[in-house]
Every structure is written in structure tokens, then in C-alpha cells.
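In: Pasting a predicted model and its sequence here:
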Amino acid sequence: MASMKVSRDGAVGRVVLSNPDKLNAMTVQMWDALPGCIAGLDADPQVRVIVLSGDGDRAFVSGADISQFESERSDALAQQRYVLAVDAAYHAPARASKPVIAQIRGICFGGGLGLAAGCDIRICADDARFRMPAGRLGLGYDQAGLRRFVDLIGVQNTYDIFYSARVFDAAEALRMGFVSRVVPAARLGEAVGELTDAIADNAPLTLAAVKRTVHGFLQHPGERQSAEAQTVIDAANASADYAEGVRAFAEKRNPRFVGR
């Protein structure tokens with residue numbers, strides 16, 4: 001049965017996208033649920049970083065559950081509702097104040113590719129396979145989604161994967177800049193764990209300020225300054241964590257950050 005599995009392991013919040021009979025294809029119910037799952041972990045003060053992964057070792061997400069298209073996208077109103085649900089899910093990682101990592105094993109197609117693109121960092125196994133099959137389905141891809149790919153992998157790579165609808169491997173995903181790291185499949189969990197440990201040791205307000213600033217650059221490329229981002233930066237600079245970081249550096253010890 002399709003579901004979202006949410007768990008917390010110390011400072012790491014996890015969302016497992018689970019529909020294993022269909023290679024974790026996303027049902028409309030899963031698209032609807034994902035923003036709330038991420039927001040719940042983002043609101044938990046014990047959680048410092050969020051990881052999205054697929055259930056099992058065959059797929060991250062194979063795409064949207066196309067078997068639902070006739071029932072869930074049967075007319076203009078239903079199609080609009082479906083598109084809004086998918087769009088909210090794609091934006092959920094960016095709306096979180098905490099870092100969100102996509103842990104990718106196996107198939108990452110269509111909606112899975114779009115969802116991974118919305119995360120802050122993507123790490124994949126060497127067995128990962130990627131594809132954007134919109135051209136094979138005849139659907140018009142969302143403008144914001146296309147902009148996300150252009151920002152991430154550039155114009156020519158975006159044209160390439162959308163025009164051809166071809167499968168590309170982990171090495172090419174790394175070359176394009178879609179993923180930041182490729183590791184052996186047996187080490188994927190360990191590699192992601194090393195990164196989440198490093199993130200969890202750092203000051204949450206600093207990371208939130210970096211995330212808000214970078215997303216501001218992407219959303220408003222012509223703007224040099226964002227008032228929203230500056231508010232988060234100022235909060236970090238006025239925080240007890242900043243004082244703790246300076247004190248710990250002077251005392252040559254590891255800082256103990258609490259997020260305020």
C-alpha cells in the first residue's frame with residue numbers, strides 16, 4: 001500500500017516514499033501528504049536535517065502513478081487540483097528552513113526527478129538511473145519546474161533530458177551537476193549519514209540563513225539583497241549560538257549549538 005513513512009533518528013528526520021509494488025510511484029495521496037510530512041519535521045526542534053528516500057533498493061521514485069491519471073486528471077478542474085498537489089510537494093523541500101537531502105537509489109524518473117530537483121542536496125548510488133519522460137506522455141511541464149531544472153543543470157542539459165526523454169546514469173547526473181556525489185550502492189546510507197552528522201553539528205540558524213539566501217537568489221536572480229534573507233542572517237548574528245561558536249573557538253573545543 002502506498003504511504004509516507006516518517007521517522008526521527010536523533011537530529012535526522014526521515015521521509016520514506018513508499019509504494020514498492022510500483023517502484024515508489026507517487027499517488028495523489030502521497031503528493032498531498034508530503035508537504036505536511038516535511039513541515040512536521042521542520043517544526044521539530046530536535047531535527048536538524050531531513051532526508052528523503054525511496055522504500056527499498058530498486059527506486060527512489062519511478063514517477064507519478066500514471067494509473068491514476070484517468071481518475072485524478074479526468075477534467076480541467078481535476079487536473080488543476082493534481083498539478084497544485086504536485087507543485088506543493090516539489091516546493092516543500094525549499095520551504096523547509098532546514099537542509100533537505102535526497103538519497104537516491106535505483107530509478108529516479110519523472111516526478112521523482114522533479115522532487116529530487118527540489119531538494120537542497122542530492123546524493124545517489126552508482127546504480128541510480130534518471131529520466132524525464134514528459135515528452136513520451138504528451139504533458140506540458142510546469143514553468144516553475146522547468147526553471148528549477150535550468151537553474152540546476154543549465155539550459156542545454158535541460159533541453160537534452162526533456163527533448164530526448166532518455167535514461168541517463170549516475171555518472172552523467174554528476175557531470176550535469178544534478179547530484180553532488182555518487183557512491184557505491186552499498187555505501188549510500190553511510191555516505192548520507194556522514195553528511196547528516198556534519199550538518200547536525202553546525203549552527204541551525206546559520207544553515208537556515210544560507211538556505212534562505214540561496215533560494216532568494218534563485219527566485220529573484222536580479223535582486224542583490226533580500227529583506228527576508230537579511231532578517232534570518234541578522235537573527236543568526238544576534239543569537240546565543242553565535243556567542244557560543246566564538247567562545248568555543250577561543251576555548252579550542254567543539255561548540256554546542258541549540259538553535260537560538
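Out: Nice, thanks for sending it over. Numbers count the residues shown, from 1 in each chain.

In: Give me the average confidence score over the helix or strand containing L146.
Out: Secondary-structure assignment from DSSP states H and E places L146 in helix 143-153. What helix 143-153 shows for mean pLDDT is 92.

In: quick one: it to chain centroid distance?
Out: How far helix 143-153 lies from its chain's middle: 14 Å, per Cα atoms, centre = their mean, to the nearest Å.

In: Strands of the stretch 151-260 of the chain, start to end?
Out: Residue ranges of the strands in the stretch 151-260 of the chain, as given by DSSP state E, counting those that start in this stretch, are 167-169, 181-183.

In: Please convert those strands to a markdown table, extending it with mean neighbour count and mean pLDDT.
Out: For the C-beta atoms, the positions are set from N, CA and C on the backbone; glycine is no exception. Conversion of the strands of the stretch 151-260 of the chain to a markdown table gives the following (neighbours: other Cβ atoms under 10 Å; pLDDT from 0 to 100):
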| stretch | mean neighbour count | mean pLDDT |
| --- | --- | --- |
| strand 167-169 | 16 | 98 |
| strand 181-183 | 17 | 98 |
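
In: any chance of those strands in CSV, with distance to V6 too?
Out: Putting these into CSV (distance: least, Cβ to Cβ, whole Å) gives the following:
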stretch, distance to V6
strand 167-169, 30
strand 181-183, 25
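
In: Excluding chain neighbours, what is closest to D65?
Out: Setting aside the residues directly before and after it, D65 is nearest to A25 in space (Cβ to Cβ, 6 or more residues apart in numbering), at 4.2 Å.

In: For R58, what are phi and psi?
Out: As for R58, its main-chain torsions (degrees, to the nearest 10) stand at phi -100, psi -30.

In: swap in the one 5 residues further on?
Out: Dihedral angles phi and psi of G63 (degrees, to the nearest 10) take the values phi 130, psi -170.

In: Could you report the neighbour count for it?
Out: Burial of G63 is recorded as 25 neighbouring residues (other Cβ atoms under 10 Å).

In: just checking, it touches A25?
Out: Yes. Counting by Cβ atoms under 8 Å, A25 is a contact partner of G63 at 5.8 Å.

In: of all the strands of the stretch 151-260 of the chain, which lies closest to M4?
Out: Each of the strands of the stretch 151-260 of the chain was checked against M4 via Cβ to Cβ, and the shortest separation belongs to strand 181-183, namely 25.1 Å.

In: Perfect, that will be all.
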